[in-house]
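Trainee: After the sequence you'll find the predicted model.
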Amino acid sequence: MQRRRLGSSGIVVSEICMGTMTFGGQCDEATSFAILDHAWEAGIDFFDAAELYPVPPQAETAGETERILGRWMATKPRDALVVATKVTGPGHGWFTPPIRHGRTALDRHQVVRACEDSLRRLGTDYIDLYQVHWPDHGLPYEELLGVLTELRQAGKVRAIGCSNETCWGVMKSLWAAENHGLDRYQTVQNNFSLINRRCESELAQVCRREGVGLLPYSPLGGGVLTGKYQEGPPPGARFTAYLTEGQPRQQRMAERFVNERTLETTARLAEIAAELEISLATLALAWSKQHDFVASTIVGATSAEQLEESLPAADFRLDTEVLERIDQIDVEIPNPMTEDGLRRL
């Protein structure tokens, strides 16, 4: 398992990060522990959570992912783990989160409270990477970065990052950090995959030139890039539930991921994977982690067996000819997901 630096921080992590948003939802604690143990044994030392998890977010389960991760962390040397989590974004915009009665905000009171609660659930006295789950573009960045800097100075977090952020937002935050002498975001965690390649344009330039590491989430396109949706929505899958019984917001999300264009893209990629004698998952993850602006690619799983499909990507590298064939698919079917939701922020 190769390792990369998170931005310009002193933190170095495995190129594959274990995402945990299914823990406490689709996965019970025993299954979650089995997945975490398998990831650890494979050399993964980077684990990503959020105070809002598991998904879909519900008041009854919010925070359970961190509790499960915390109980597992107690079985391992804390210094050997790199743990990331997130403070929920503002509740007055595109989504009202089912925590703190929907009164979430990114002011000092809420951020400090959220951090303390996450530390308690994780059973640790510090968080390696503390991220903002989604931004508040009406709040001065220096106000948010000020409290995040305080948390780092207090030893409660080691580095800070953002998630679901626009190119403008990342640059604005870096400008505010520089002008006000505050900590800068070291990472940005955004949707990036073979069916959503937007990060390769403007955000890639920001990451390269400003020393910010991208942490791609949904590198398998929410499971679409495993091929499991090719014959129709499979029983038990997240987007199957979203499409059939989800709220309007969840249905829109599922339709962005599962549509004729994403399925056609997946079918063509499957042909390349078959020729290489690798799984679609290996192809998609190897492609993600080969980008120079990517720090670590986040994978999810609902079983240890499912994680096994992702692990071969750690040692697999796509050659120039294969990358060119993949690019040609993108030329013929550009932007299969149509949009990634950032315009709603």
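Mentor: Looks like it arrived, so ask away. Numbers count the residues shown, from 1 in each chain.

Trainee: sec struct for the residue lying farthest from the centre of the chain, please.
Mentor: Distance from the C-alpha centroid of the chain, by CA atoms, centre = their mean, peaks at E275 (29.3 Å). Applying DSSP: H, G, I helix; E, B strand; the rest coil to E275 yields a three-state assignment of helix.

Trainee: where's it relative to A295, distance?
Mentor: 30 Å (CB to CB, to the nearest Å). Quick note: C-beta positions are derived from backbone N, CA and C, even for glycine.

Trainee: Kindly report the same for I326.
Mentor: Between I326 and A295 the distance, using CB to CB, works out to 21 Å.

Trainee: Tell me which of the two has more neighbours.
Mentor: Here I326 and A295 are set side by side on neighbour count (other CB atoms under 10 Å), and the busier one is A295, at 30 against 19.

Trainee: surely the more buried one meets R208?
Mentor: No: the pair A295 / R208 is not scored as a contact, 12.0 Å apart, by CB atoms under 8 Å.

Trainee: residues in contact with L283?
Mentor: The neighbours of L283, taking CB atoms under 8 Å, 6 or more residues apart in numbering as the test, are L194, L269, I272, A273, L276, L318.

Trainee: What is the strand or helix carrying the second one packed up against?
Mentor: Secondary-structure assignment from DSSP states H and E places L269 in helix 260-276. Counting contacts by 3 or more CB pairs under 8 Å, 6 or more residues apart in numbering; DSSP states H and E, the secondary-structure elements packed against helix 260-276 are helix 280-289, helix 320-332.

Trainee: I'd like those as JSON lines, with distance to P56 and mean pLDDT appended.
Mentor: Compiled in JSON lines, these are given as follows (distance: least, CB to CB, whole Å; pLDDT from 0 to 100):
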{"stretch": "helix 280-289", "distance to P56": "23", "mean pLDDT": "97"}
{"stretch": "helix 320-332", "distance to P56": "30", "mean pLDDT": "98"}
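
Trainee: most packed of these?
Mentor: helix 280-289 (a mean of 24; mean count of other CB atoms under 10 Å).

Trainee: what separates it from the chain centre, distance-wise?
Mentor: How far helix 280-289 lies from its chain's middle: 15 Å, per CA atoms, centre = their mean, to the nearest Å.

Trainee: Geometric centre of the chain: which residue is closest?
Mentor: Within the chain, and using CA atoms, centre = their mean, the residue nearest to the centre is Y217, at 3.3 Å.

Trainee: residue boundaries of the strands in this protein?
Mentor: When assigned using DSSP state E, the strands of the chain occupy the ranges 3-5, 12-14, 16-19, 46-48, 82-87, 127-132, 157-163, 187-189, 213-214, 297-299.

Trainee: where does this protein dip in pLDDT?
Mentor: Within the chain, the segments meeting pLDDT under 70 span 345.

Trainee: 90 instead?
Mentor: Low-confidence segments of the chain (pLDDT under 90): 92-95, 201, 232-254, 309, 338-345.

Trainee: Do you have the helices of it handy? List them.
Mentor: With DSSP state H as the criterion, the chain has helices at 29-41, 64-73, 108-122, 141-153, 167-180, 202-210, 238-245, 248-257, 260-276, 280-289, 304-310, 320-332.

Trainee: Export the fifth one to CSV, keeping only CA atoms.
Mentor: When you say that, I think you mean helix 167-180. Only the C-alpha atoms of helix 167-180 are listed here, as CSV (Å, rounded to 0.1, in the frame of the first residue of the first chain):
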residue,chain,number,x,y,z
CYS,A,167,-13.5,25.8,-6.8
TRP,A,168,-14.4,29.3,-5.8
GLY,A,169,-15.0,28.2,-2.2
VAL,A,170,-11.6,26.5,-2.0
MET,A,171,-9.8,29.5,-3.4
LYS,A,172,-11.8,31.9,-1.2
SER,A,173,-10.9,29.9,1.9
LEU,A,174,-7.2,29.8,1.0
TRP,A,175,-7.3,33.6,0.4
ALA,A,176,-9.0,34.1,3.8
ALA,A,177,-6.4,31.9,5.5
GLU,A,178,-3.5,33.7,4.0
ASN,A,179,-4.9,37.2,4.7
HIS,A,180,-6.0,36.5,8.3
